[in-house]
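J.: one predicted model, sequence on top.
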Amino acid sequence: MLEFGDRLRKRTDVYFRTKDPASHMTELANIFSAIVGAKNVLTKEMDTAYYRSGFRYGFGGAAAVVFPSTLLEQWQVLEAAVEAGCAIIMQATKTGLTGGSSPSGFDYDRPVVIINVGRIGGLRLLRGGTQALAFPGTTLFELGQELKTIDRVPHSVLGSTTIGATVIGGVANNAGGALCKRGSSYTEYALFARVDEEGSLELIDHLGIRDLGETPEEILGRLDAGDFSDADLIDDDRVASDTDYVNRIRDLDAKVPNRYNADPKRLHEVSGSAGKVVCFAVRVDTFEAPKKKQVFILGTNDPDQFVAMRRHVLSTFEHLPEMCEYMNRSTFTIAEKYAKDVALAIKYLGTDRLPKAYALKAKAEYLLNKIPLLPKYLPDIFLYYASKLFPQHLPKRLRQYRDDYEHLLILVTADEAIEESRRYLEDLWGRHEEVGFFECTEKEQEAALLHRFSAAGAGIRYHNLHQRTTEDVLALDIALLSSDPEWVETLPEELTRDMVLSLSYGHYMCHVFHNIYVYRKGADLERIKTLMLDRLEANGAKFPAEHNVGHMYEAEQNVKEFHRSLDPTNTFNPGIGKTTKSSRSADA
């Protein structure tokens, strides 16, 4: 009896060598339907629109979006797409911020197939929960909920966790997270597929589980069935997290930022791969949950005070804070006004409903954009005005600190760090002029963290509401040197004359910042972006810091070489990092 791959090759030989391109894709869609079921294959533009758009950036064409439900189905869909010569983009909950999990434009040299793995959920806690095995659709939120039962936590707890990003997506993008002690998402234990120099699809098993089998069908079938135990786990010198980060962040005089996407020490197979391989499973470390937490809000009008505080904490504290999140006044105010619905949705709908809600919004937007004379982004406009019907969602003390101080920090501490931080704030920080702090109640803590997260989309919403007078949003993801004192930008007049809005927020102890700019209609954004990045590079900054290159940034040379070594034929996610979208052959 022929194996699936042999039957597939026989079938594609017949169709893909004899029919016209449209017929090719119709037949490929039929093959996908035979694997995953017809309802799990989308080909109509209206149905695929959401999956062809980025969460915050990017839009392009795709011939099909396919939704496998098991690892074996994922492999079979992958076989079919590779055999048909397609460009392949892997996608889960589509939370990437630089367009790296969606097509970019309509100029690919072959059909694009999106494989959305959001249905391949499930996870397995290993060795009492000290590690976890995550499948392609396993979200950080799901992992966090599972770990709550044993008083442990995953790598990330803010932002991507709240909106449903996957564990594997974080690893593939070296996502940084907000935590001061854990660094980038990273593991050296992974099961993944690649297309080699000869164009052959191969499955590489570096997952560290004994006796899963010899063939892809055997390996993936056993993983789907959960047919293994802790006794099968392999112990060697590999790691399942960025174990050195807690030391790197304390190096205040390092010659490079303490975490950034192009760090060669954090590029390994799936880790940092940015979709240039197809990952089926990873093993990742988990962490002991804090027994007690306390959030402090800090404010100042003198940014040098935050510089002194940061250096003191990193150089003298025995116990580092869990997180230290920064917002300037403009970010706080714009998020309060333009991202209120996001905070309310997360609070009242929950993250498990958000992906479907975003898909429905995208479909409505796609249809409405086709109606002449209607403004674009009509659902965003509706949500903005609908949110005004709800009462004020931010506690009074948070709003008062915004009014009093230009710069705010959300300092999250736990266990021994609570008292250490409290003593410092009371004995040293509180004695300075132009500063203030207070301890949050539980209600204030929840509101502050939700507000900080919702700020990520506030600039986009502002632009959508002012689309006739502003250019697209310019968003920069920056890792500064730890010693860089000029973390608050002073831009020259040529960069500010047409600026309407400047937002800055980020992970302060890490010196990773997300700066959002909105310019008047007609401003040359490409020129402005180049000038800004040149200024940052001259000061030793790295970019992107944690969102990966996507289609927004040009990849550094070492990243280009790493991605090419993973994907020599340019089959997966072509074009990321400002590279070519064209297919490559072994002798090209």
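T.: Sure, I can see it. Residues are numbered from 1 along each chain as shown.

J.: just the pLDDT at the residue lying closest to Lys340 once chain neighbours are set aside, thanks.
T.: The shortest distance from Lys340 to any non-neighbouring residue, by C-beta to C-beta, 6 or more residues apart in numbering, is to Ser387 (4.1 Å). Just so you know, the C-beta spots here come from the backbone N, C-alpha and C atoms, and that holds for glycine as well. In this model, Ser387 is scored at 92, pLDDT.

J.: what is the neighbour count of Ser387?
T.: The number of residues packed near Ser387 is 19, by other C-beta atoms under 10 Å.

J.: what residues are up against it?
T.: Lys340, Asp341, Leu344 (C-beta atoms under 8 Å, 6 or more residues apart in numbering).

J.: among those, who's most crowded?
T.: Neighbour max across the contacts of Ser387 (other C-beta under 10 Å) = Lys340, 23 neighbours.

J.: rewinding a little: please convert the contacts of Ser387 to a markdown table, extending it with pLDDT and distance to Gly550.
T.: Formatted as a markdown table, the contacts of Ser387 follow (pLDDT from 0 to 100; distance: C-beta to C-beta, whole Å):
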| residue | pLDDT | distance to Gly550 |
| --- | --- | --- |
| Lys340 | 93 | 27 |
| Asp341 | 90 | 25 |
| Leu344 | 88 | 28 |
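
J.: what values do phi and psi take at the residue nearest to Lys340?
T.: phi -60, psi -20 (degrees, to the nearest 10).

J.: ok, the contacts of Ser387 vs Ile576, which is closest?
T.: Ile576 has its nearest neighbour among the contacts of Ser387 in Asp341, at 30.7 Å by C-beta to C-beta.

J.: show me where pLDDT drops low in the stretch 151-300 of the chain?
T.: The stretch 151-300 of the chain contains residues with pLDDT under 70 at 158-163, 177-178.

J.: all helices of it, in order?
T.: For the stretch 151-300 of the chain, the helices defined by DSSP state H, counting those that start in this stretch occupy 160-163, 167-172, 216-225, 245-248.

J.: low-scoring pLDDT stretches of the stretch 351-500 of the chain, where are they?
T.: Low-confidence segments of the stretch 351-500 of the chain, defined by pLDDT under 70: 351-352, 354-356, 358-359.

J.: surely Gly506 is in a strand?
T.: Yes: assigned with DSSP: H, G, I helix; E, B strand; the rest coil, Gly506 falls within a strand.

J.: and it, how far from Asn247?
T.: Distance, Gly506 to Asn247, using C-beta to C-beta, to the nearest Å: 21 Å.

J.: who has more neighbours, the two?
T.: Ranked by neighbour count (other C-beta under 10 Å), Gly506 and Asn247 place Gly506 first, with 25 against 10.

J.: quick check: closest non-adjacent residue to the more buried one.
T.: Nearest non-adjacent residue to Gly506, counting by C-beta to C-beta, 6+ apart: Phe513, 3.6 Å away.

J.: check the offset of the helix or strand hosting that neighbour from the chain's centre.
T.: In this structure, Phe513 is located in strand 512-519 according to DSSP states H and E. Taking C-alpha atoms, centre = their mean, to the nearest Å, the mean C-alpha location of strand 512-519 is offset from the chain mean by 16 Å.

J.: the following helix or strand past it - contacts with which helices or strands?
T.: Sequence-wise, the next helix or strand downstream of strand 512-519 (DSSP H and E) is helix 525-538. Judged by 3 or more C-beta pairs under 8 Å, 6 or more residues apart in numbering; DSSP states H and E, helix 525-538 is in contact with strand 474-479, helix 493-496, strand 512-519.

J.: could you redo the last one with a cut-off of 6 Å?
T.: Helix 525-538 sits against strand 474-479, with contacts defined as 3 or more C-beta pairs under 6 Å, 6 or more residues apart in numbering; DSSP states H and E.

J.: what does the strand it packs on contact?
T.: Applying C-beta atoms under 6 Å, 6 or more residues apart in numbering, the contact partners of strand 474-479 are 257, 260, 512-517, 525, 529, 536, 541-545, 547.

J.: return a PyMOL selection command for the buried portion of those.
T.: In PyMOL syntax, the buried subset of the contacts of strand 474-479 is picked out as below (16 or more other C-beta atoms under 10 Å):
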select buried, resi 257+260+512+513+514+515+516+517+529+536+541+542+543+544+545+547
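
J.: circling back: got TSV for the contacts of Ser387, with distance to Leu373 and secondary structure too?
T.: Below are those laid out as TSV (distance: C-beta to C-beta, whole Å; DSSP: H, G, I helix; E, B strand; the rest coil):
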residue	distance to Leu373	secondary structure
Lys340	28	helix
Asp341	25	helix
Leu344	30	helix
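
J.: from those, which is closest to Leu408?
T.: Nearest member of the contacts of Ser387 to Leu408, counting by C-beta to C-beta, is Lys340, at 17.8 Å.

J.: count of residues packed around the closest residue to Val167 other than its chain neighbours?
T.: Distances taken as C-beta to C-beta, 6+ apart put Ala134 closest to Val167, at 3.8 Å, once the chain neighbours are dropped. Residues near Ala134, counting by other C-beta under 10 Å, number 27.

J.: give me the beta-bridge partners of Ala134?
T.: Leu123, Val282 (DSSP bridges).

J.: that'll do, ta.
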